[in-house]
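*Asks:* fold the following, please.
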Amino acid sequence: MLTSLPPVWHGRLVALKGGQTNHCFRLETGQGCYWLRLGCQTPARLGINRHHELIIHQAASRAGLAPLIRYSDTRTGLLILDWLSEPDWRQTPGSLTALMNRVARLHRLEVRGPGRLNLHHRAQHYLEQLTHQPAWLTATLAQFSQPELNPDFTPVLCHCDLTAGNLMGPRPWLLDWEYACLADAAFELAVIADDRALDDNGCAALLAAYNAAGGQVSLARLRARLPWVQLLTLLWAMVQYQHTQKASYQVWLESARAKLTNRLG
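*Replies:* All right, here's what the predicted structure looks like:
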């Protein structure tokens, strides 16, 4: 892999743990240390568009929200960023206020090129890849046609995967822009609320911090997007389990199914 890159990037690779679909490394060269990602072989299967990812990451980097891209190749999903020595939020959770300031700033950015997230289309994209749909899934999907789960919104630039592993340091840096696109700000906040397992009080605090930072999302819209986060997580894990047969994806989908069942009653 390194020999296919310009000589300036030749060095020593140390494999890193933690990635769900990609291969990540610490790259040590004569110029310093960097983070290198080699993308999965079938990004389209997971709804990833490498060109959109690059456009949005570059815009976020210019705004000071994401690390600078040093090298990229959209054909392979190869990405080289400066090495960050700060812990991610799985190890050291940061301030909700600091995160909401960053998220609200992201939602104000204007970028040409990225597509718009249609939740029904994304769910259908995953469903079409499944060789078998259990009866319980068919019954669950029927509930997502309800008007209360499909509120009107004005799309803004969203990361769409701001889980603890994609937040680094107290500022924080926003990492892993694979699913970034134009979407509902409430969906962005629902991803964060779901990852942090926030109750009603926690969701209210999240919204208060976001709205104080210049955003505008209601509790009703946030509640409408939480089932969508859990549904897409469930379908994504089902596709991955079917493709890899890894037990970790089975655990992931069962967790998402339990949360979704509880959410929908």
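
*Asks:* and the residue nearest the centre of this structure?
*Replies:* The geometric centre of the chain, computed from its C-alpha atoms, lies nearest to D161 (Cα atoms, centre = their mean), at 1.8 Å.

*Asks:* now do the strands in the stretch 1-150 of the chain.
*Replies:* 12-15, 23-29, 32-38, 69-73, 78-82 (DSSP state E, counting those that start in this stretch).

*Asks:* so which of those gets nearest L232?
*Replies:* With respect to L232, and counting by Cβ to Cβ, the nearest of the strands of the stretch 1-150 of the chain is strand 32-38 at 22.1 Å. In this view, the C-beta of every residue, glycine as well, is placed from N, C-alpha and C.

*Asks:* list the buried residues of the closest one.
*Replies:* Neighbour counts over strand 32-38 (16 or more other Cβ atoms under 10 Å) mark Y34, W35, L36, R37, L38 as buried.

*Asks:* swap in stretch 193-212?
*Replies:* Judged by neighbour count using 16+ other Cβ under 10 Å, the buried positions of stretch 193-212 are A193, D194, D195, R196, L198, C203, L206, L207, A209, Y210.

*Asks:* hmm, G202 and the fourth one touching each other?
*Replies:* Yes - the pair formed by R196 and G202 meets the contact definition of Cβ atoms under 8 Å, at 6.9 Å.

*Asks:* just the closest of the buried residues of strand 32-38 to C24, please.
*Replies:* Among these, and counting by Cβ to Cβ, the member closest to C24 is R37, at 5.1 Å.

*Asks:* low-confidence regions, the protein specifically.
*Replies:* Applying pLDDT under 70 to the chain flags residues 18.

*Asks:* outline the domain layout of it.
*Replies:* Annotated domains of the chain cover 2-82, 96-264 [automatic domain parsing].

*Asks:* okay, those domains in CSV with distance to R90 next?
*Replies:* Below are these laid out as CSV (distance: least, Cβ to Cβ, whole Å):
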stretch, distance to R90
domain 2-82, 8
domain 96-264, 5
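
*Asks:* wait, which of those is closest to D88?
*Replies:* Comparing the domains of the chain against D88 with Cβ to Cβ, the closest turns out to be domain 96-264 (4.8 Å).

*Asks:* the closest residue to A220 other than its chain neighbours and L175, how far apart?
*Replies:* In space, and not counting its chain neighbours, A220 is closest to P151: 7.1 Å by Cβ to Cβ, 6 or more residues apart in numbering. P151 sits 29 Å away from L175, going by Cβ to Cβ, to the nearest Å.

*Asks:* tell me which of those two has more neighbours.
*Replies:* Taking other Cβ atoms under 10 Å, P151 and L175 do not tie; L175 has more neighbours (21 against 15).

*Asks:* could you verify my assumption that that one touches L167?
*Replies:* Yes - L175 is within contact range of L167, at 7.2 Å (criterion: Cβ under 8 Å).
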